[in-house]
Each structure stands twice: as C-alpha cells, then as structure tokens.
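the sequence isn't on hand, but the structure is:
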C-alpha cells in the first residue's frame, strides 16, 4: 500500500471540545468575543480548499455509507467487501467515511481489488481513526464540509445498514436529488430486510399523506446483490472520465 496523503489533519488537545460542538454552542456557553464566529469562516474555507484539492483528482467515484459498529465477523461486512471490489472492477474510486465497520469493509474490498480507496474521516470525541484500507485519507473538523465532499465527487451512493449518521446521509442525498440540486444520481440501499421497515413507513405515512410523491419514491433503489449494487450506483457515469488519481503523486 502506498503512503497515505492526508489533508486537513488536526491534533486536538485533550479536553478541548470537537470543532462542530464548539461552533454550535450558544455564546452564553462558550466564552468567546463577538468576532470568533466570523473568524471560523476561515477554517471552513481551509477545509473546503484542502478537500477540493485532493478529491478533484480522484476521477469517477461512488460514495458508500454504513455503520461503524458492524464487526468483521458480521455477514454484512463480507458483503461490503464484495461491493467495494465490484465498484473497483468498474473503474471507479470508492469514498467512505474512513472509519471502522462497514466503511472499513468497503475500503478493504476496493483496495484489495486494485481500486482507489478514499476515506473522509471526521473529528469525534472517541478519536475515530482512519481504517487501514484507506489509500487517500482526509480528516475534517466539520460535518457539513465533509458531507459536501461526499456528494460533490461522487456519481452515486450505496448506503448500507447504519444508525443516525447513515440516515442523515441518506436523507440528505434524497433531498438533493428530489429538489434537483444534483442530476441523475443513483441512491442504492443495500440490505432489503434492514431497510424494509423504513420504506414501508415512507409509503404508508409520508406517501399516503402526500408528504412525498410516487416519483420521489423512485429515487431510492434497493438490492441485496453486490454486483447489482455496483451496477446501479455507476449507472450515471459520465461518458468521459478523468485520469485516475495517483495516491503518491506530489
């Protein structure tokens, strides 16, 4: 494996709250002067620039989400490896959150199949580190910057079972597609049994009450097959692709 290139890496002193937490606290809780929030904008810009600088070179990619809590002996972990490999075999890079669990499985499958494995990590209180199968790693301090990178440099999503973070990423992707902020952008849910309850609720409540349309529901596709997931996720690939990113290029 080539040496990782990291952009935006941070070292947080012990006892200091994560950047997102400090940003969102009311001024009465965080004792700062009135100019602090304005100066934070420079940090945001720095993270955007660093992320754009690295990810603009990776070529066509698919972003994959999933729980950090899935162990390596879970059946879904092996399926994640297979999806990562299937995406790599189609010549696309894989972007994940760079952590353990499903993220590790997808990065592992992609890397072992010869693809470009990318991880966009986030500063968390438990010091979540990049997994060992990330070839190009970027560390972010703010969720909203990281989420921009997930969308901007991907041509599709594959979303595995996960918790609140995964659901947040799912519904952001669907909202962007529904409102036309992104063009044809495949959104694939992997694991029909896991997602069946949510999809039933959407049909029986959101759709039945007119909160979403039937057309909105077609934005989401479901599969249990790694090859089908990869095929669906890459169905919006551009006709002309950029050259593959070289992880050791500097």
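Perfect, I can see it now. Quick caveat, the model's predicted, so the values are computed rather than measured. Residues are numbered from 1 along each chain as shown.

average pLDDT for stretch 198-211?
Taken as a whole, stretch 198-211 has a mean pLDDT of 97.

same check, this time on stretch 145-153
84.

what does it contact?
Residues outside stretch 145-153 that contact it (Cβ atoms under 8 Å, 6 or more residues apart in numbering) are 44, 47-48, 51-52, 55-56, 58, 61, 63, 65, 95, 97, 120, 122, 138, 140, 169, 172-173, 176, 182. To be clear about C-beta, it is placed using only N, CA and C from the backbone, and glycine gets the same treatment.

out of these, which are buried?
Neighbour counting by 16 or more other Cβ atoms under 10 Å classes 47-48, 51, 55, 58, 61, 63, 65, 95, 97, 120, 122, 138, 140, 169, 173, 182 among the contacts of stretch 145-153 as buried.

of those, which belong to helices?
Secondary structure assignment by DSSP state H places 47, 48, 51, 55, 169, 173 of the buried ones among the contacts of stretch 145-153 in helices.

helix or strand for the residue lying closest to the second one once chain neighbours are set aside, which one?
Computed as Cβ to Cβ, 6 or more residues apart in numbering, the closest residue to residue 48 that is not its neighbour in sequence is residue 145, at 5.9 Å. Secondary structure from DSSP states H and E places residue 145 in helix 143-152.

in that helix, what counts as buried?
Using 16+ other Cβ under 10 Å as the test for burial, helix 143-152 gives 143, 145, 146, 147, 148, 149, 150, 151.

from the residues you listed, pick the one nearest residue 79.
residue 150 (20.7 Å; Cβ to Cβ).

if we can go back for a sec, measure the residue nearest to residue 48 to residue 217 for me?
To residue 217, residue 145 is 30 Å away according to Cβ to Cβ, to the nearest Å.

now do residue 173
Note on residue 173: its distance to residue 217, by Cβ to Cβ, is 14 Å.

residue 70 now?
From residue 70 to residue 217 the distance is 27 Å (Cβ to Cβ).

which one of the two has more residues nearby?
residue 70 (21 against 14; other Cβ atoms under 10 Å).

what kind of secondary structure is that one in?
coil (DSSP: H, G, I helix; E, B strand; the rest coil).

which non-adjacent residue is nearest it?
residue 101 (4.2 Å).

just residue 112 next, same as before
Once flanking residues are discounted, residue 112 sits nearest to residue 85: 6.8 Å by Cβ to Cβ, 6+ apart.

you'd agree that neighbour is in a strand?
No: using three-state DSSP, the assignment for residue 85 is helix, not a strand.

you'd agree it is up against residue 110?
Yes: using Cβ atoms under 8 Å, residue 85 is in contact with residue 110, at 6.7 Å.

higher neighbour count, the two?
Taking other Cβ under 10 Å, residue 85 and residue 110 do not tie; residue 110 has more neighbours (32 against 22).

what mean pLDDT does stretch 65-78 get?
Averaging pLDDT along stretch 65-78 gives 97.

what about that stretch, start to end distance?
15 Å (Cα to Cα, to the nearest Å).

which residues of this protein score low on pLDDT?
Where the chain drops to pLDDT under 70, the residues are 1-35, 124-128, 237-250.

ranges for the strands of it?
5-7, 61-65, 93-96, 117-122, 136-140, 157-159, 187-190, 220-223 (DSSP state E).

could those strands be laid out in CSV, adding distance to residue 209?
Output for the strands of the chain, formatted as CSV (distance: least, Cβ to Cβ, whole Å):
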stretch, distance to residue 209
strand 5-7, 45
strand 61-65, 27
strand 93-96, 35
strand 117-122, 35
strand 136-140, 37
strand 157-159, 24
strand 187-190, 22
strand 220-223, 18
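
deepest in the core, which of these is it.
Most buried of those, by mean neighbour count (mean count of other Cβ atoms under 10 Å): strand 93-96, with a mean of 30.

parallel or antiparallel, list what pairs with that one.
With DSSP bridges as the test, strand 93-96 is paired with strand 61-65 (parallel), strand 117-122 (parallel).
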